[in-house]
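Chemist: Only the shape, not the letters, is given here:
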């Protein structure tokens, strides 16, 4: 892991970067040009940065025709990714990787910086986007990016955060607005907000996704696993005692999991014992099921029964090079049936904690419901 200041110096060679810093010296790097992306953060400028940065792609200074995955701990996409209402596969093209394209609104369109101060940044972008069924959507995205203080984090988590722990926490408030003349309906497809955090993998990194317990006939399956490659117990484990899904984040095997609304909780996280980093993610989860976009890469019988939470592990692909490697923690808004001039806000908060292991174990028990000593996989998977 490189120092945050080294990451900042690298980024500044290619794009304008806004650096926020709180009272304790925790800091985050934001690039408005990259759709208001929080690229990385750290507990201090001399500490390691937590976000994964695609230095190889950035250095080329060329736009990739499919997607420009520059990296970032908090970037905004729109869903669905697959299915008849996908925004990533042009009309008439099959759901194969060579046809996958990221819309300009969330990939190449520079956002306008509209406000910046010591604590937050606001930027916005607007574009016309077509889905796989051929329908057009006039969209406007607003991103407010906030660096939090220790007391705000403690209050949000409902835990005590003593000085044995160093931390950095940031929050995005992403708003999608219908700025066209027509309402967005189920018949033509609905978009959703999708926030993805890209982090540096390690052989020991484990993503931790809590779920609601209960019978499958009432709540459905605990986890969706058929996005990409098959998963066995060396990569995915369901801990029924603590009600958490454990998913390897080593960046060596392309795979993805998801949790649907009946099972979803508003927190997830990861633990990397090699680096001593506990990461927590919180997001705005509605109190009722409003329907979620299905992101599977196939024609869908039930396009509004998708996942609320996703976790992704990068790795080699049969038809393409690895994207990273990295792992991702992702959250989604409901499918948005917005009338003209209506909008919806999705909040996503990322918290990194390092320091005393016993203190980290206590926070993991309180926030994720699991003891960190129980989450390790038996051996590194290849």
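Modeler: Okay, I see it. Since we're looking at a predicted model, the values are computed, not measured.

Chemist: Now residue 124. Nearest residue, chain neighbours left out?
Modeler: residue 142 (4.8 Å; C-beta to C-beta, 6 or more residues apart in numbering). For the C-beta atoms, the positions are set from N, CA and C on the backbone; glycine is no exception.

Chemist: Tell me the bridge partners for that neighbour.
Modeler: residue 124, residue 175 (DSSP bridges).

Chemist: Start the count at 439 instead of 1 going forward.
Modeler: New numbering, starting at 439: the last item is residue 580.

Chemist: That one contacts residue 613, doesn't it?
Modeler: Yes - counting by C-beta atoms under 8 Å, residue 613 is a contact partner of residue 580 at 4.1 Å.

Chemist: Check this protein for its longest helix and report it.
Modeler: Secondary structure of the chain per DSSP state H: the longest helix is helix 795-806.

Chemist: which residues of this protein score low on pLDDT?
Modeler: For the chain, applying pLDDT under 70 flags the ranges 756-760, 817-820.

Chemist: so where do the helices sit in it?
Modeler: Here the chain has its helices, by DSSP H, at 442-450, 493-498, 588-595, 654-657, 795-806.

Chemist: related to what we said a few turns ago, which residues touch the longest helix of the chain?
Modeler: Here helix 795-806 makes contact (C-beta atoms under 8 Å, 6 or more residues apart in numbering) with 595-597, 599-600, 602-603, 646, 648, 682, 705-707, 709, 714, 716, 718, 791-792, 808-811.

Chemist: The residue nearest the centre of the chain: what's it in contact with?
Modeler: By C-alpha atoms, centre = their mean, the chain has its centre lying nearest to residue 634, at 1.8 Å. The contact partners of residue 634, by C-beta under 8 Å, 6+ apart, come to 510, 512, 513, 515, 750, 766, 767, 768.

Chemist: In those, find the pair that's most separated.
Modeler: Farthest apart among those by C-beta to C-beta are 512 and 750. That separation is 14.7 Å.

Chemist: got the buried residues for stretch 446-464?
Modeler: 446, 449, 455, 456, 458, 460, 464 (16 or more other C-beta atoms under 10 Å).

Chemist: mind listing what the spatially closest residue to residue 765 that is not a sequence neighbour touches?
Modeler: Closest residue to residue 765 in three dimensions, ignoring its sequence neighbours and counting by C-beta to C-beta, 6+ apart: residue 687, at 3.5 Å. Residue 687 makes contact with 637, 639, 640, 643, 644, 645, 708, 710, 749, 751, 765, according to C-beta under 8 Å, 6+ apart.

Chemist: hang on, the fourth one packs against residue 714?
Modeler: No - the criterion here is C-beta under 8 Å, and residue 643 misses it with residue 714 at 11.5 Å.

Chemist: More neighbours: the two, which one.
Modeler: Remark: of residue 643 and residue 714, residue 643 carries more neighbours, 23 against 13, as counted by other C-beta atoms under 10 Å.

Chemist: can you count the residues close to the closest residue to residue 461 other than its chain neighbours?
Modeler: Distance criterion C-beta to C-beta, 6+ apart; nearest residue to residue 461, sequence neighbours excluded, is residue 587 at 6.1 Å. Residue 587 has 15 neighbours, counted by other C-beta under 10 Å.

Chemist: Can you tell me how far residue 654 is from residue 772?
Modeler: Distance of residue 654 to residue 772, given as C-beta to C-beta, to the nearest Å: 23 Å.

Chemist: more neighbours, those two?
Modeler: residue 772 (22 against 9).

Chemist: Surely the more buried one and residue 728 touch.
Modeler: Yes - shown here, residue 772 and residue 728 form a contact pair, counting by C-beta under 8 Å, at 3.6 Å.

Chemist: can you map out the strands along the stretch 589-738 of the chain?
Modeler: For the stretch 589-738 of the chain, the strands defined by DSSP state E, counting those that start in this stretch occupy 603-616, 630-637, 644-648, 674-677, 682-686, 693-698, 705-710, 715-721.
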